[in-house]
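Student: Sequence and predicted structure below; questions after.
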Amino acid sequence: MSEIEERERLGSTGFGRGVAIPHARITGLQRPVAAFLRLENPVAFDAADGLPVDLVFGLLSPETAGAAHLHALAAISRLMRDDAMHQALSQAPGAEALYGLLSNVIDRDAA
């Protein structure tokens, strides 16, 4: 069983509004890795509000990440709770637009 599956067994990472943030700490990983997926067909994710998920923001962190992993999760959660960003990600016309939206947020928050 993968670390992501083990984490989901503890409780769903679907937090509502069609969003899930599956995450885990991985032995041997050198730096955090994130991926964003917009699903064509929403999937049941046992989210708190019962809605199926179509926006997935995955996060893998080194096993020793500690607070950095939690801070990254909090930042992703804030991003996905933002109504304007949620709508923009849901309605973006394609991969380039999604990349642009997420890159702009990363650049803005890094400044």
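Tutor: Noted; the coordinates are in hand.
Student: So residue 74 belongs to a helix, correct?
Tutor: Yes. The secondary structure assignment for residue 74 places it in a helix, going by DSSP: H, G, I helix; E, B strand; the rest coil.
Student: least trustworthy helix or strand in this structure by mean pLDDT?
Tutor: Ranking every helix and strand in the chain by mean pLDDT, DSSP states H and E puts helix 95-110 at the bottom, with a mean of 80.
Student: Three-state assignment for the residue positioned nearest the centre of the chain, please.
Tutor: When the chain is reduced to its mean C-alpha position, the nearest residue by C-alpha atoms, centre = their mean turns out to be residue 57, at 2.0 Å. Secondary structure of residue 57, reduced to three states by three-state DSSP: strand.
Student: Tell me who's in contact with it.
Tutor: With contact taken as C-beta atoms under 8 Å, 6 or more residues apart in numbering, residue 57 is in contact with 19, 20, 21, 34, 35, 36, 37, 76, 79, 80. Placement of C-beta: from N, CA and C, glycine included.
Student: before we move on, what about residue 19?
Tutor: 47, 53, 55, 56, 57, 80, 86.
Student: What's the separation between it and residue 4?
Tutor: Separation of residue 19 from residue 4 (C-beta to C-beta, to the nearest Å) stands at 16 Å.
Student: Show me the helices in the chain, by range?
Tutor: With DSSP state H as the criterion, the chain has helices at 3-10, 67-81, 83-91, 95-110.
Student: which parts of the first one are buried?
Tutor: This means helix 3-10. When burial is assessed from 16 or more other C-beta atoms under 10 Å, helix 3-10 yields the following buried residues: 3, 4, 8.
Student: Other residues contacting it?
Tutor: Contacts with helix 3-10, where a contact means C-beta under 8 Å, 6+ apart, come from 13, 22, 23, 24, 25, 26, 58, 60.
Student: Could you do stretch 37-49 as well?
Tutor: Contacting residues not belonging to stretch 37-49 are listed as 12-20, 51-58, 89-90, 92, 98 [C-beta under 8 Å, 6+ apart].
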